[in-house]
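> need coordinates for the below:
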Amino acid sequence: MTIQQRWMLAGVALATGVVIHFLSPILAPFMVSLVLAYLADPVADRLEKMGMSRSLSVTVVFLALFMAGLLMLLVLIPALFHQVKTVVQLLPVWEAWVRNNLVPELLLYIDVDPEWFDLSVVVRQLATEWQQTGGIIADLSRKVTSSGLAIAGFVVNLFLVPVVTFYLLRDWDKMMLHLRLMMPLNMESEVVSLSKECDEVLGAFLKGQLMVMLALGVIYGAGLWLIGLQFAMLIGLLAGLASIIPYMGFFVGFATAIIVALFQFDQYWALLAVTAVFTVGQMLEGYVLTPWLVGDKIGLHPVAVIFALMAGGQLFGFIGMLIALPLAAIIMVLLRHLHRNYKASDLYHAGEPGEMPEE
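Numbering: from 1, shown residues only. From the prediction side, this is the model:
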């Protein structure tokens, strides 16, 4: 790579960061569409290999994505909203149970100020926030005039996502080809090799891991629903989302389900049933889902996932969280490449007698 090419790449990276920083308020639908197109492109390519045209295969995949999104809007989101509302209504009851039953038992063994366990302020704050949210939703039609611009922006973004996703998905292969043709000739082979490594890591998380998260959310939610646990769907969703960090979904979902089971049933069989559901889910993840959907691809370390999500959210908000994992994957691949070059360089082998050993 020449000096001019290095300056060019640095300039492109800087310009990209500046654009994301200043245009982040309008980039959300485009970034969501980009992620959806990236995830759906392998399915469209597979349909093409089965004999479909690109337009037909993209249409089939797009309709599947559209129906899944419509199902979430019409069925899942109202159900989740209802469960969250029920949780908020039960918070005072749970807080009273903790104050009257659990706290006295704890104070027998630890000498601390009982005020440390006073959760009433937190409960009241959560209830107030929920009432404000419910009021906003209930009065939305009344406030259309005063917040018409914001609502119009939301509606535009809502319709932009499927439109942009369709066109990105239809022209995905062409765009990738054009990007490859723009590469300087002396860098093309190296960039293609690095791109394949990045795609492996991205595939392990944005394709494989997201499907594992969805499957675990369904497994945990369905299992808890079968044993009659309240908020089964909400706990399944929480466990599935937390599963983006390996094992985090199991611990978060299991702890939440155990607490709910204690309040709802107050019997040992319920604890055993919850343990069985999460044990089955963990076994399916370890022996079926992860080997099948993720395979032996090298993914991101859990600490890297946590840091990337927090750093992306801190720097660029919601857009930063969307691009955090792809950027972390690319940076990790570049660091591996840099490490390989360093191990083969004179800097690493300086002062060694004889020839440098091959890797």
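
> going forward, measure contacts and count neighbours with C-alpha atoms only.
Noted.

> Val84: neighbour count?
Using other CA atoms under 10 Å, Val84 has 15 neighbouring residues.

> which strand or helix spans it?
helix 77-97 (DSSP states H and E).

> now swap in Gly51 and tell me
Counting by DSSP H and E, Gly51 is found in no helix or strand.

> could you check the pLDDT of it?
pLDDT for Gly51: 86.

> next: Tyr220.
93.

> is it true that it touches Gly236?
Yes: using CA atoms under 8 Å, Tyr220 is in contact with Gly236, at 4.9 Å.

> the two: which is more packed in?
Tyr220 (32 against 29).

> and for the helix or strand that one falls within, what's in contact with it?
Tyr220 is part of helix 210-226 when elements are defined by DSSP H and E. Helix 210-226 is contacted from outside by 232-244, 274, 277-278, 281, 285, 289-290, 293, using CA atoms under 8 Å, 6 or more residues apart in numbering.

> how far is it from where the chain is centred?
15 Å (CA atoms, centre = their mean, to the nearest Å).

> return the set of buried residues in it.
210-224 (16 or more other CA atoms under 10 Å).

> how about stretch 47-56?
Leu47, Glu48, Arg54.

> quick check, nearest of those residues to Leu325?
Leu47 (27.4 Å; CA to CA).

> let me know the pLDDT of that closest one.
So, for Leu47, pLDDT stands at 89.

> report the contact partners of it.
Ser57.

> let me know the helix or strand that it is in.
helix 3-49.

> quick one: mean pLDDT for the next helix or strand after that helix?
Note on helix 3-49: by DSSP H and E, the next helix or strand toward the C-terminus is helix 54-71. Mean pLDDT, helix 54-71: 86.

> tilt between helix 54-71 and helix 3-49?
Interaxial angle of helix 54-71 relative to helix 3-49 (axes from the mean of the first three to the mean of the last three CA atoms, to 10 degrees): 80 degrees.

> dead centre of the chain: give me the residue that sits there.
The centroid of the chain falls nearest to Ile244 when counting by CA atoms, centre = their mean (6.0 Å).

> secondary structure class for that one?
Per DSSP: H, G, I helix; E, B strand; the rest coil, the secondary structure class of Ile244 is coil.

> isn't it right up against Leu206?
No: using CA under 8 Å, Ile244 makes no contact with Leu206, being 9.5 Å away.

> how near is the spatially closest residue to Leu169 that is not a sequence neighbour to Gly51?
Spatial nearest neighbour of Leu169, chain neighbours left out: Ala37 (4.9 Å); criterion: CA to CA, 6 or more residues apart in numbering. Between Ala37 and Gly51 the computed distance is 20 Å (CA to CA, to the nearest Å).

> what about the contacts of helix 210-226, which are in helices?
232-242, 274, 277-278, 281 (DSSP state H).

> residue contacts, Leu27?
Ile20, Ile319.

> what do you get for Glu48?
Counting by CA under 8 Å, 6+ apart, Glu48 touches Arg54, Ser57.

> same question for Asp41.
Counted by CA under 8 Å, 6+ apart, Asp41 has contacts Leu169, Trp172.

> quick one: it from Lys174, how far?
For Asp41, the distance to Lys174 - CA to CA - is 12 Å.

> repeat that for Ala261.
Distance from Ala261 to Lys174, counting by CA to CA: 53 Å.

> neighbour count winner among those two?
Ala261 (23 against 12).

> leaving out chain neighbours, which residue sits closest to that one?
Nearest one to Ala261, counting by CA to CA, 6+ apart, is Ala270 at 6.2 Å.

> just Leu160 next, same as before
Nearest to Leu160 is Pro29, by CA to CA, 6+ apart, at 6.3 Å.

> perfect, that will be all.
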